[in-house]
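A.B. asks: Need coordinates for the following:
(2 chains)
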Amino acid sequence: MDAIILQVLNGLDKGSAYALIALGLTLIFGTLGVVNFAHGALFMLGSFCAVTLQKLLSLSFTVEDPTQKDFLGNPLKVDTPYIVSWFGDATGNAILNWSVPLAILFAIPVMLLVGYVMERGLIKHFYKRPHADQILVTFGLAIVIQEIVKYFYGANPIPTPAPDVFRGSVDFGVMIGFAQNEIIYPYWRLVYFLFSAVIIGAVFAFLRFTTFGMVVRAGMADRETVGLLGINIDKRFTIMFGIAAAVAGLAGVMYAPINSPNYHMGMDFLVLSFVVVVVGGMGSLPGAVLAGFLLGILESFASMNEVKSIIPGIDQIIIYLVAIIILLTRPRGLMGRKGVMEE
Amino acid sequence: MSKFQINRRSLIKSGAAIGAGLALPTIFTSSARAYLNEPKGDTVTLGFNVPQTGPYADEGLDELRAQELAVQHLNGEGDGGMLNTFSSKALKGNGILGKKVQFVTGDTQTKSDAARASAKSMIEKDGAIMINGGSSSGVAVAVQGLCQEAGVIFMAGLTHSNDTTGKDKKANGFRHFFNAYMSGAALAPVLAKAYGTDRRAYHLTADYTWGWTQQESIATATEAMGWETVNNVLTPLASTDFSSYIAPVLNSGADVLILNHYGGNMVNSLTNAVQFGLRDKMVNGKQFEIIVPLYSELMAAGAGANVRGVYGSMNWNWQLQDEGSKAFVKSFGEKYGRPPSNSAHTCYVQTLLYADAVERAGTFDPCGVVEALEGFEFDGMGNGPTLYRADDHQCFKDVLVMKGADNPTNEYDTLEIVEVTPRAQVEYAPDHPMFAGGDLGKCNSGA
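C.D. replies: Alright, predicted model coming up:
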């Protein structure tokens, strides 16, 4: 039982990342009708916002320490972060320690701007082009973004730890009535799941309860009629692109302590997230979230030794297998709407 | 209108002329192709095939730095580095056999097909007479096969699978880097001393040639010390999140987790294992431990604080204090402002060893080079007295057991040397079962 609960937790955690990326993809597809293959790169850029803030906060001045030697036998150059020098050891180190949560504040404007520039600068020119053209141009853009990040940060993963208070693991089993040490789970992964739930809830609330959101939803349903009412729906859709980029970016920021960011991490998520969107139903926001968590949990269960001993290699194909089954039985996906990508 | 007449004399004349004409290119070819890419002018071209793009690009860049440094030293530029400490004195700093060394580079992308294509291009278009470099066993085996077919020498870079000099060994291929068997043989006694002989190990293994041989080697070595292997789970090479594979370890009864992963896999699996609190657990009355059999400096830096106290092994490390290592670290450090990685070291040494073999053989002919390298014993290259064994073209030398440093002062000293395991402890018979099934075959000069 404890193994099953652990894999459910793992699945929810993986599903959180899938759901957040798929949510952004669906927002863009639902509003602008664009299949954005650069969305994984936006997730990666979010992670690198965390890396960048960590580096900025760690900017240091160098003092030579004659009592220590470097690898060439010269006096060791000891770096002291300015922030520690300005605010003292306790406050300075605390700020450094909390660089990932602080990066949320840094990433929101950066990613909104990235999304805005991306949409106005490139993607708007492809609205009336076939989906194949959109896929090619956004995939090309993803590669360009990747290479730019690699140029500045290198190919090696960059450790970006969570605050000390969230490192290590919690005895989750005790919280739900199990014996001690039966269900141990990392703090930060629980934080990630809760954070994702808040972001998903916020996006739904924004679309549901704000005037802006209602107009956007109306535009998603019937763009032409909303335009005829004198509403500049294009402008709102551009803002939605920025919001979708910010959602992917935030997913990336919070993911940085789970696996050290590297320039390629967006591609690792991209294909899976597209499967999630298709399984959930193209254009369906609840479908994207539901499919994200569902596939995350199934993927985790497929990695269990007991399952792999019955069907070897199932962990590598489970997501695609489920996608095939769902598309055969429900061609529009779990919650897909009629008429989307069916023309 | 002229008449076209054929008589016996004109037929013989014409036949002789045509015959000579047809034979002429063959005569030229046979002299031009005594062996493939024979250097004709006053230069010789070496091909450095390293990952310049993809996840191992940083490691490839470090290899390239070392290869460039080796070329400088061969051409008499710089301080000479290990040429000053190398036991063989055949190299004079005037190139190779008096020819100035130049190089071309290829991008393996850490993909076998791309690596073969870039090596082929360097051999066919650029006239490279030797291929060196790489950061993957899959790539090494593929490029080694290509070099054998083409008729050039392959001086492998970072490749740790037993298969490279086991079932996939080739006469034209040579490996200076250590292998998975050696890692197991060096690590097991240290692990037994540190953690005792009554341990239960759970293995996570990358599902490809290197992972399989690494797992087999370390499991055999630790079982011989009394450890029990509880489980071995193969993980897809493309995995990025290992939480689903780590979770079952918690309640498996194992008290040691062995991560047969390298590169990004290692960084992520180790990070995930530490996140799950494995290192804080007590199992079977013992502290839970994690082991990473193959370390690299770059990957240790990528894993950050998670490597602290974790045992592993390396081919070489810049902190060694022998004269050869010090000379190389000084040259490399002054040129690039950072200490070299162990993949940089092996590529540098391989380039010098190739050049030295050519000098001693007196020819660039691959078969002459093979003869010069087989059974060659040398010293002064950072690993103590070393033998290039003729039976399988594997170097036998000391191996390093490493541990994640508890208090690193910078990004370069994340690992510390625990033990220099003597060569005798990691040697094995040429017909050892883990290396069975291959055949060196005959050297190919591409003529």
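A.B. asks: does A:Ile104 really touch A:Ala251, like I thought?
C.D. replies: No - if you go by CB atoms under 8 Å, A:Ile104 and A:Ala251 don't touch, sitting 10.9 Å apart. No exception for glycine: its C-beta is placed from N, CA and C like everyone else's.
A.B. asks: So which of these two has more stuff around it?
C.D. replies: Neighbours per residue (other CB atoms under 10 Å in any protein chain shown) separate A:Ile104 from A:Ala251, with A:Ala251 holding more: 28 against 17.
A.B. asks: Please give the number of neighbouring residues around the residue nearest to that one when sequence neighbours are not counted.
C.D. replies: Distance criterion CB to CB, 6 or more residues apart in numbering or on different chains; nearest residue to A:Ala251, sequence neighbours excluded, is A:Leu20 at 3.7 Å. Neighbourhood size, A:Leu20 [other CB under 10 Å]: 31.
A.B. asks: now swap in A:Gly92 and tell me
C.D. replies: By other CB under 10 Å, the residues close to A:Gly92 number 18.
A.B. asks: Please name the nearest non-neighbouring residue to it.
C.D. replies: Using CB to CB, 6+ apart, the nearest residue to A:Gly92 is A:Val84, at 3.3 Å.
A.B. asks: Tell me the pLDDT of the one you found.
C.D. replies: With respect to pLDDT, A:Val84 scores 92.
A.B. asks: check which helix or strand covers it.
C.D. replies: Using DSSP states H and E, A:Val84 sits within helix A:82-97.
A.B. asks: buried ones in that helix?
C.D. replies: By neighbour count on 16 or more other CB atoms under 10 Å in any protein chain shown, the buried set for helix A:82-97 is A:83-84, A:92, A:95-97.
A.B. asks: Tell me which strands the biggest strand by length in chain A pairs with, and in which orientation.
C.D. replies: Determined from DSSP state E, the single longest strand within chain A is strand A:60-69. Applying DSSP bridges to the sheet, strand A:60-69 is found paired with strand A:75-81 (antiparallel).
A.B. asks: in the partner strand, what's buried?
C.D. replies: For strand A:75-81, by 16+ other CB under 10 Å, it's A:76, A:81.
A.B. asks: What is the neighbour count of the residue in the stretch 151-300 of chain A positioned nearest to chain B?
C.D. replies: Closest contact between the stretch 151-300 of chain A and chain B, by CB to the nearest CB, is at A:Pro159 (2.9 Å). If you count neighbours by other CB under 10 Å, A:Pro159 ends up with 21.
A.B. asks: Then A:Tyr127?
C.D. replies: 13.
A.B. asks: And for B:Gly438?
C.D. replies: 15.
A.B. asks: Identify the residue nearest it in space, chain neighbours excluded?
C.D. replies: In space, B:Gly438 is closest to B:Lys167, 4.0 Å off (CB to CB, 6+ apart).
A.B. asks: How about B:Gly368?
C.D. replies: B:Ala361 (3.8 Å).
A.B. asks: Please list all residues in contact with that neighbour.
C.D. replies: B:368-369, B:371-372 (CB atoms under 8 Å, 6 or more residues apart in numbering or on different chains).
A.B. asks: Among those, which ones are in helices?
C.D. replies: Of the positions in the contacts of B:Ala361, B:368-369, B:371-372 sit in helices, assigned by DSSP state H.
A.B. asks: So which of those residues is surrounded by the most neighbours?
C.D. replies: For those, neighbours tallied by other CB under 10 Å; top is B:Val369, 29 neighbours.
A.B. asks: Contacts only, for that one.
C.D. replies: Per CB under 8 Å, 6+ apart, neighbours of B:Val369: B:153, B:354, B:357-358, B:361, B:363.
A.B. asks: okay, which residue is most central for chain A?
C.D. replies: A:Ala251 (3.1 Å; CA atoms, centre = their mean).
A.B. asks: what about that residue, helix or strand, and which?
C.D. replies: helix A:233-255.
A.B. asks: what's the answer for B:Val104, then?
C.D. replies: strand B:100-107.
A.B. asks: Which elements pack onto the helix or strand that comes right after that strand?
C.D. replies: Using DSSP H and E, the next helix or strand after strand B:100-107 towards the C-terminus is helix B:112-124. Applying 3 or more CB pairs under 8 Å, 6 or more residues apart in numbering or on different chains; DSSP states H and E, one finds that helix B:112-124 makes contact with strand B:43-50, strand B:100-107, strand B:130-133, helix B:137-150.
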